[in-house]
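[1] 3D model of this:
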Amino acid sequence: MAKASAGLLMYRTAPELEVLLVHLGGPFWTKKDAGAWFVPKGEIEPGEEMLAAAQREFAEETGATPSGPFEPLGSVKQKSGKVVTVWAFRGDCDPKQIRSKTFELEWPPRSGKRKEFPEIDRAGFFSIEQARIRIHPAEAPFLRRLEELGVTGMRADAPFGA
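    Reported below is the predicted structural model:
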(Lines give C-alpha, C1' and ligand atoms only; values in the text may rest on other atoms or scores of the structure.)
Protein backbone atom coordinates (compact mmCIF):
# COMPACT_ATOMS: atom_id res chain seq x y z
CA MET A 1 0.00 0.00 0.00
CA ALA A 2 1.36 3.42 -0.98
CA LYS A 3 2.21 5.88 1.75
CA ALA A 4 0.10 9.01 2.10
CA SER A 5 1.04 12.50 3.25
CA ALA A 6 -1.04 15.57 3.98
CA GLY A 7 0.02 19.20 3.97
CA LEU A 8 -1.02 22.82 4.10
CA LEU A 9 -0.07 25.53 1.63
CA MET A 10 -0.14 28.88 3.43
CA TYR A 11 -0.65 31.90 1.19
CA ARG A 12 -0.92 35.65 1.54
CA THR A 13 -2.09 38.19 -1.02
CA ALA A 14 -0.58 41.55 -0.15
CA PRO A 15 0.84 43.01 -2.31
CA GLU A 16 0.66 39.91 -4.58
CA LEU A 17 -0.12 36.23 -4.18
CA GLU A 18 2.73 34.53 -2.31
CA VAL A 19 3.04 31.01 -0.91
CA LEU A 20 5.06 29.64 1.98
CA LEU A 21 7.43 26.85 0.96
CA VAL A 22 9.93 24.97 3.11
CA HIS A 23 13.39 23.64 2.30
CA LEU A 24 14.31 20.23 3.67
CA GLY A 25 17.09 20.02 6.21
CA GLY A 26 19.89 17.51 6.27
CA PRO A 27 22.96 16.95 4.16
CA PHE A 28 21.21 15.78 0.97
CA TRP A 29 19.39 19.07 0.30
CA THR A 30 21.89 21.63 1.63
CA LYS A 31 23.18 22.94 -1.70
CA LYS A 32 19.98 22.48 -3.70
CA ASP A 33 17.52 25.27 -4.43
CA ALA A 34 15.57 24.90 -7.68
CA GLY A 35 13.16 21.99 -7.24
CA ALA A 36 14.14 21.51 -3.59
CA TRP A 37 11.33 23.40 -1.81
CA PHE A 38 8.09 21.78 -0.67
CA VAL A 39 4.65 22.34 0.83
CA PRO A 40 4.91 21.63 4.59
CA LYS A 41 3.56 18.09 4.93
CA GLY A 42 4.04 14.71 6.51
CA GLU A 43 2.74 11.19 6.81
CA ILE A 44 -0.75 10.47 8.02
CA GLU A 45 -0.80 8.35 11.16
CA PRO A 46 -3.10 5.30 11.38
CA GLY A 47 -6.67 6.38 12.13
CA GLU A 48 -5.86 10.08 11.68
CA GLU A 49 -8.04 12.32 9.51
CA MET A 50 -6.10 13.77 6.56
CA LEU A 51 -6.82 17.43 7.38
CA ALA A 52 -5.90 16.87 11.04
CA ALA A 53 -2.62 15.29 9.88
CA ALA A 54 -1.96 18.28 7.61
CA GLN A 55 -2.51 20.70 10.50
CA ARG A 56 -0.32 18.66 12.86
CA GLU A 57 2.48 18.36 10.34
CA PHE A 58 2.38 22.07 9.50
CA ALA A 59 2.73 22.93 13.19
CA GLU A 60 5.53 20.37 13.70
CA GLU A 61 7.49 21.52 10.65
CA THR A 62 7.09 25.27 11.10
CA GLY A 63 6.28 25.88 14.76
CA ALA A 64 3.29 27.97 13.58
CA THR A 65 -0.33 27.06 14.32
CA PRO A 66 -2.50 27.04 11.18
CA SER A 67 -6.09 28.25 11.24
CA GLY A 68 -8.75 27.84 8.58
CA PRO A 69 -10.80 27.92 6.65
CA PHE A 70 -8.93 25.32 4.63
CA GLU A 71 -9.62 24.94 0.91
CA PRO A 72 -8.83 21.53 -0.66
CA LEU A 73 -6.25 21.54 -3.47
CA GLY A 74 -6.56 17.82 -4.16
CA SER A 75 -3.84 15.20 -4.39
CA VAL A 76 -0.80 14.34 -6.49
CA LYS A 77 0.96 11.03 -6.85
CA GLN A 78 4.75 11.14 -6.61
CA LYS A 79 7.11 8.86 -8.56
CA SER A 80 7.58 6.80 -5.39
CA GLY A 81 3.84 6.10 -5.37
CA LYS A 82 3.22 8.29 -2.31
CA VAL A 83 -0.01 10.29 -2.54
CA VAL A 84 0.17 13.86 -1.21
CA THR A 85 -3.06 15.71 -0.36
CA VAL A 86 -2.94 19.45 0.31
CA TRP A 87 -5.24 22.23 1.53
CA ALA A 88 -4.66 25.97 1.14
CA PHE A 89 -5.23 28.57 3.83
CA ARG A 90 -4.66 32.29 4.18
CA GLY A 91 -2.07 33.16 6.79
CA ASP A 92 1.13 34.95 7.53
CA CYS A 93 4.22 34.31 9.59
CA ASP A 94 7.85 35.33 9.77
CA PRO A 95 9.76 32.61 7.89
CA LYS A 96 12.90 33.45 9.90
CA GLN A 97 11.06 32.36 13.07
CA ILE A 98 10.19 28.90 11.77
CA ARG A 99 11.45 26.06 13.96
CA SER A 100 10.97 22.45 12.98
CA LYS A 101 11.45 19.07 14.59
CA THR A 102 14.79 17.36 14.11
CA PHE A 103 15.89 13.93 12.95
CA GLU A 104 19.03 11.89 13.50
CA LEU A 105 21.13 10.41 10.71
CA GLU A 106 24.45 8.63 10.45
CA TRP A 107 26.71 11.30 8.94
CA PRO A 108 29.06 11.03 7.19
CA PRO A 109 27.81 7.72 5.79
CA ARG A 110 29.37 4.58 7.30
CA SER A 111 31.21 6.71 9.89
CA GLY A 112 29.31 5.33 12.86
CA LYS A 113 28.67 8.94 13.94
CA ARG A 114 25.11 10.18 14.37
CA LYS A 115 24.22 13.80 13.73
CA GLU A 116 21.00 15.71 14.35
CA PHE A 117 19.45 17.81 11.55
CA PRO A 118 16.31 19.98 11.37
CA GLU A 119 13.51 18.54 9.20
CA ILE A 120 13.19 22.03 7.71
CA ASP A 121 16.26 24.25 7.52
CA ARG A 122 14.57 27.33 6.07
CA ALA A 123 11.28 28.66 4.78
CA GLY A 124 10.18 31.56 2.66
CA PHE A 125 7.29 33.28 0.96
CA PHE A 126 7.57 33.27 -2.82
CA SER A 127 5.51 34.76 -5.62
CA ILE A 128 3.86 32.12 -7.78
CA GLU A 129 6.51 32.71 -10.46
CA GLN A 130 9.36 32.24 -7.96
CA ALA A 131 7.61 29.25 -6.37
CA ARG A 132 7.32 27.50 -9.74
CA ILE A 133 11.12 27.55 -10.01
CA ARG A 134 11.78 26.43 -6.43
CA ILE A 135 9.03 23.88 -5.74
CA HIS A 136 9.67 20.19 -6.26
CA PRO A 137 8.10 19.33 -9.65
CA ALA A 138 5.77 16.73 -8.13
CA GLU A 139 4.10 19.46 -6.04
CA ALA A 140 3.87 22.14 -8.76
CA PRO A 141 0.21 21.30 -9.53
CA PHE A 142 -0.76 22.72 -6.15
CA LEU A 143 0.37 26.19 -7.26
CA ARG A 144 -1.84 26.07 -10.36
CA ARG A 145 -4.78 24.81 -8.31
CA LEU A 146 -4.34 27.65 -5.81
CA GLU A 147 -4.41 30.18 -8.65
CA GLU A 148 -7.55 28.53 -10.03
CA LEU A 149 -9.29 29.31 -6.74
CA GLY A 150 -9.06 32.98 -7.71
CA VAL A 151 -7.20 34.14 -4.61
CA THR A 152 -5.03 36.68 -6.47
CA GLY A 153 -5.92 40.31 -5.95
CA MET A 154 -7.95 39.66 -2.79
CA ARG A 155 -7.65 42.02 0.15
CA ALA A 156 -5.49 40.58 2.92
CA ASP A 157 -8.40 40.92 5.37
CA ALA A 158 -11.05 39.44 3.07
CA PRO A 159 -12.54 36.09 4.03
CA PHE A 160 -11.52 33.11 1.88
CA GLY A 161 -13.29 33.05 -1.45
CA ALA A 162 -14.43 36.68 -1.23
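
[2] okay, now the unreliable bits of the chain?
    Within the chain, the stretches with pLDDT under 70 are 1-2, 152-162.

[3] for it, what's the longest helix?
    Criterion DSSP state H: the longest helix present in the chain is helix 50-62.

[4] which parts of that one are buried?
    50-51, 53-59, 61-62 (16 or more other C-beta atoms under 10 Å). From N, CA and C alone the C-beta is placed, and that goes for glycine too.

[5] now the strands for this structure?
    In the chain, the strands defined using DSSP state E lie at 4-12, 18-24, 37-38, 41-43, 71-77, 83-90, 102-106, 114-118, 120-127.

[6] packing partners for the last one?
    With contacts defined as 3 or more C-beta pairs under 8 Å, 6 or more residues apart in numbering; DSSP states H and E, the packing partners of strand 120-127 are strand 18-24, helix 50-62.

[7] could you rerun that using 7 Å?
    strand 18-24 (3 or more C-beta pairs under 7 Å, 6 or more residues apart in numbering; DSSP states H and E).

[8] ok, the third one next?
    Packing partners of strand 37-38 (3+ C-beta pairs under 7 Å, 6+ apart): strand 18-24.

[9] between the buried residues of helix 50-62, which is closest to G26?
    Nearest to G26 out of the buried residues of helix 50-62 is E61 (C-beta to C-beta; 13.2 Å).

[10] shouldn't the closest one be in contact with V22?
    Yes: at 6.2 Å, E61 counts as touching V22 under the criterion of C-beta atoms under 7 Å.

[11] any common contacting residues for these two?
    The contact sets of E61 and V22 overlap at 40, 120 (C-beta atoms under 7 Å, 6 or more residues apart in numbering).

[12] redo the buried residues of helix 50-62 as CSV? Include distance to G35.
    Output for those, formatted as CSV (distance: C-beta to C-beta, whole Å):
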residue, distance to G35
M50, 25
L51, 27
A53, 25
A54, 22
Q55, 26
R56, 26
E57, 21
F58, 21
A59, 26
E61, 19
T62, 21
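
[13] name the nearest of these relative to A36.
    E61 (15.1 Å).

[14] measure S111 to V86 for me?
    37 Å (C-beta to C-beta, to the nearest Å).

[15] more neighbours: the two, which one.
    V86 (26 against 9; other C-beta atoms under 10 Å).

[16] buried residues in stretch 89-97?
    For stretch 89-97, by 16+ other C-beta under 10 Å, it's 89-91, 93.

[17] which of those residues lies closest to V151?
    R90 (7.7 Å).
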